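In: I'll drop the sequence and a predicted model, then ask my questions.
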Amino acid sequence: MNLSPDGAVIVLFGATGDLARRKLFPAFYSLYREGKLSDRFAVVGVARRPRTDEQFQEDVLESIREFARHQPGEDDDWDAFASHFRYMSLDIHDLDGFRRLNSLAGQLDETFAVGGNRLFYLALAPELFGDVSLNLKGGGLLDSAGWHRLVIEKPFGYDLESAEKLNEELRRVFPEEDIYRIDHYLGKEMVQNIEVIRFTNAFFEPLWNNRYISNIQITLSETVGVEERGGYYDTAGALRDMGQNHMLQMVTMMAMEPPSVLHPEAVRDEKVKVLKSMRLYKDAEDVRRNVVRGQYVAGESKGKALRGYLEEDKVPEHSTTETYFAAKIFVDNFRWAGVPFYVRTGKRLPAKATEVVVEFKNVPENVYLASKHQLQTNLLVFRVNPMEGVYIKFNAKAPGSEERIVPVAMDFCHSNGVGINTPEAYERLIHDAVRGDSTYFTRWDEVAAAWRFVDRIAAAWRESNDDLQTYPAGSWGPEAAAAMLEREGHRWWPVNGQRDDDQAIRLSSDISAST
Ligand SMILES: NC(=O)C1=CN([C@@H]2O[C@H](COP(=O)(O)OP(=O)(O)OC[C@H]3O[C@@H](n4cnc5c(N)ncnc54)[C@H](OP(=O)(O)O)[C@@H]3O)[C@@H](O)[C@H]2O)C=CC1
Ligand SMILES: O=C1O[C@H](COP(=O)(O)O)[C@@H](O)[C@H](O)[C@H]1O
């Protein structure tokens, strides 16, 4: 594995699209500003619509002004950065166009001395991935002297069968080790930190099992609706858009065994074991018991009226696509037997939050405590987004009181979501792909195992829509999701500082003010 900050020609397919504009151009700029992209790089933007190099550079500048962490300043050599960007109008079905692209890449190889390294980033609809890879080969783009890597966006297929087909198409051209499947959640600071916190602290690992942990809750909640992506979203739904990929990846980060060495393959081997240990739902009845799905209807948030999913642009009138799902998942291995992993994700919920709550089992009752106190369980919370940090709740004596035991909190705040300047997930992942570090990209067997799990749910949902619930936009989703936990004596912990029923945060700053 070569981890040097190599030079490379980066060919960005889908350069006029939403992802390029909101995430990728800003990421290139931050990497450049922070010296993480060698000066020996060029970006060739590719899409069908006509653009001159100058217009393209202007598009890049606008995107950076709107979305980047760093802003181009007066003393910043914008022109030097922009000179690395070229544009080529090309339909990906046009093989001759790929030959022209190859000759442009060859010129840029020389201009920027990149040694023939090429990174192909497919910010395109997945139906186009197979044709692009064949034409890259046919057009001679893989004949240069250096390495050739393919970065592809999700969704990787629609189910296991289509994912296998897509994978075969890609593997005809690229070996597995050169395919970098992006799951941008794996590039998030605090998702990567889960591993570090788990495996470098003596006081977590011994407790990290079914003896001490009661349940784990993972919430990926969004306030936004489907925005202008209604067409795509309606074919995916929450299960495929967030569940098959981001959600299950978060489960693996929480549940995996420590890898024997810190090497990409060793880490991914451990994640695959988790995915393969997840209990598959037996039948439709089992899915109904353990999975709740919902679709938002008109509601309101902070006094603003919000329309329902069926009123969104490009959503079919009678769509039954879920915009929310929650599930109870079991990882049937020695460490996790009997510990439910509760997961939930949805659009148009009251808060944007990505959070993992580890709820510990209560201490055994003893004579001193049992009669007098209702002890709260200990919590460890990984806050991934928008706040980044770790929150721990435990019990202590209220100062000055002989009698009272109260929950107190310790809050490690990596960033509070305001003026946030930690590297965006895409920066990390592009940086890793250029360095050849695939640790935080998903390997084929992970993708396949995740589809195997998700396909059981999708199959049950195809049988009947009777279990599809509705929830008002701006609410926390269907009641049935709360009921699913209540049946086990558990409840969802509120997220993102919205802990109205939990006084621990206030106690941490003003312990005497609590009652
Ligand atoms: N946007 C987002 O937030 C996220 C997107 N993704 C994934 O990233 C990928 C891109 O998404 P997004 O940017 O939103 O999509 P857009 O629809 O905004 O962009 C698609 C891009 O593909 C180009 N394109 C389409 N057809 C062709 C063709 N035949 N030949 C050459 N270029 C073509 C379009 O340019 P033109 O019309 O000029 O040809 C455009 O640049 C998808 O796989 C999506 O699922 C993943 C996570 C988040
Ligand atoms: O992949 C996707 O993720 C976003 C949410 O990402 P986040 O980093 O803002 O949490 C989601 O809105 C989108 O539907 C989905 O495709």
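Out: Cool, got the structure. Numbers count the residues shown, from 1 in each chain. Ligands and ions are numbered 1, 2, ... in the order given.

In: which stretches of the stretch 101-250 of the chain form helices?
Out: 129-138, 160-171, 189-200, 230-238, 248-255 (DSSP state H, counting those that start in this stretch).

In: ok now do the closest residue to ligand 2 within the stretch 201-350 of the chain, which residues does it touch?
Out: Closest residue of the stretch 201-350 of the chain to ligand 2, CB to the nearest ligand atom: residue 241 (4.8 Å). C-beta coordinates here come from the backbone N, C-alpha and C atoms, glycine included. By CB atoms under 8 Å, 6 or more residues apart in numbering, the residues touching residue 241 are 155, 233.

In: same thing but 10 Å
Out: 154-155, 226, 229, 232-233, 235, 247, 321-323, 345, 347 (CB atoms under 10 Å, 6 or more residues apart in numbering).

In: Contacting ligand 1 as well, which ones from these?
Out: Of the residues in those, proximity to ligand 1 by CB under 6 Å from any ligand atom holds for 154, 155.

In: Need the contacts of residue 241 in CSV (columns: distance to residue 428).
Out: Listed next are the contacts of residue 241 as CSV, based on distance: CB to CB, whole Å:
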residue, distance to residue 428
154, 16
155, 21
226, 27
229, 24
232, 25
233, 26
235, 29
247, 20
321, 31
322, 30
323, 29
345, 22
347, 25
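
In: Which one of the contacts of residue 241 is nearest to residue 54?
Out: residue 229 (29.7 Å; CB to CB).

In: any idea how far that closest one lies from residue 334?
Out: 41 Å (CB to CB, to the nearest Å).

In: Settle it for me: which of those two has more neighbours?
Out: residue 229 (16 against 9; other CB atoms under 10 Å).

In: isn't that one right up against residue 313?
Out: Yes: at 9.2 Å, residue 229 counts as touching residue 313 under the criterion of CB atoms under 10 Å.

In: In the protein, which residue sits closest to ligand 1?
Out: residue 17 (2.3 Å).

In: can you pull the contacts of that residue?
Out: With CB under 10 Å, 6+ apart, residue 17 has these contacts: 24, 47, 123, 124, 125, 153.

In: which one of those is nearest ligand 2?
Out: Using CB to the nearest ligand atom, the contacts of residue 17 come closest to ligand 2 at residue 153, 8.8 Å.

In: quick revisit: list buried residues within the contacts of residue 17.
Out: The neighbour-count test (16 or more other CB atoms under 10 Å) marks 24, 47, 123, 124, 153 as buried among the contacts of residue 17.

In: give the contact list for the third one.
Out: Taking CB under 10 Å, 6+ apart, we find residue 123 in contact with 12-21, 23-24, 45-47, 151-153, 182.

In: likewise the first one?
Out: Under the criterion of CB under 10 Å, 6+ apart, the contact list for residue 24 reads 10, 12, 14-15, 17, 43, 45, 60, 63, 67, 121, 123, 426-427, 430.

In: hmm, try it at 7 Å
Out: 12, 123, 426 (CB atoms under 7 Å, 6 or more residues apart in numbering).

In: Quick check on it: phi, psi?
Out: Dihedral pair for residue 24: phi -80, psi -50, per degrees, to the nearest 10.

In: So what would you say the end-to-end distance of stretch 479-495 is?
Out: Start to finish, the residues bounding stretch 479-495 are 17 Å apart (CA to CA, to the nearest Å).

In: now the contacts of residue 241 in a markdown table, with distance to ligand 2 and pLDDT?
Out: Supplementary listing: the contacts of residue 241 in a markdown table, determined by distance: CB to the nearest ligand atom, whole Å; pLDDT from 0 to 100:
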| residue | distance to ligand 2 | pLDDT |
| --- | --- | --- |
| 154 | 6 | 90 |
| 155 | 8 | 89 |
| 226 | 7 | 93 |
| 229 | 7 | 90 |
| 232 | 8 | 92 |
| 233 | 7 | 96 |
| 235 | 12 | 95 |
| 247 | 11 | 98 |
| 321 | 12 | 98 |
| 322 | 13 | 98 |
| 323 | 10 | 98 |
| 345 | 9 | 98 |
| 347 | 7 | 98 |
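
In: Give me the buried entries from the contacts of residue 241.
Out: 154, 155, 226, 229, 233, 247, 321, 322, 323, 345, 347.

In: and the closest residue to the last one other than its chain neighbours, what are its phi and psi?
Out: Beyond its immediate neighbours in the sequence, the residue positioned closest to residue 347 (CB to CB, 6 or more residues apart in numbering) is residue 323, lying 4.6 Å away. Backbone torsions for residue 323, taken as degrees, to the nearest 10, come to phi -110, psi 0.

In: rewinding a little: could you point out which of the helices of the stretch 101-250 of the chain sits nearest residue 362?
Out: Here helix 248-255 is closest among the helices of the stretch 101-250 of the chain (CB to CB), at 20.5 Å.

In: For that closest one, report the contacting residues that lie outside it.
Out: In contact with helix 248-255 (CB under 7 Å, 6+ apart) are residues 183, 185-186, 191, 194-195, 216, 218, 271, 274-275, 329, 331, 336, 341, 343, 356, 450, 453.

In: just stretch 78-96 next, same as before
Out: By CB under 7 Å, 6+ apart, the list of residues contacting stretch 78-96 reads 13, 15, 29, 32, 41-46, 48-53, 56-57, 60-61, 72, 97, 101, 104, 108, 128, 131-132, 135, 138-139.

In: likewise stretch 299-316?
Out: 223, 225-226, 228, 230-231, 234, 295-298, 317, 319, 323, 348, 350, 472-475.

In: related to what we said a few turns ago, could I get the pLDDT score of the residue of the stretch 201-350 of the chain closest to ligand 2?
Out: At residue 241, the model reports a pLDDT of 96.

In: just residue 425 next, same as before
Out: Reported pLDDT for residue 425: 93.

In: One more: residue 376?
Out: Residue-level pLDDT assigned to residue 376 equals 84.

In: Next step: the contacts of stretch 78-96 restricted to helices.
Out: 29, 32, 53, 56-57, 60-61, 97, 101, 104, 108, 131-132, 135, 138 (DSSP state H).

In: Separate out the buried members of those residues.
Out: 29, 32, 56, 57, 60, 61, 97, 101, 104, 108, 132, 135.

In: mind checking how far the second one is from residue 77?
Out: Same thing as residue 32. With CB to CB as the criterion, residue 32 and residue 77 are 10 Å apart.

In: Could you do the fifth one as well?
Out: Relative to residue 77, residue 60 is positioned 15 Å away (CB to CB).

In: Would you mind measuring from residue 21 to residue 166?
Out: According to CB to CB, residue 21 and residue 166 sit 25 Å apart.

In: Identify the farthest-apart pair in the contacts of residue 17.
Out: 24 and 125 (15.7 Å).

In: Model confidence for the spatially closest residue to residue 133 that is not a sequence neighbour, exactly?
Out: Distances taken as CB to CB, 6+ apart put residue 173 closest to residue 133, at 4.2 Å, once the chain neighbours are dropped. On pLDDT, residue 173 comes in at 97.
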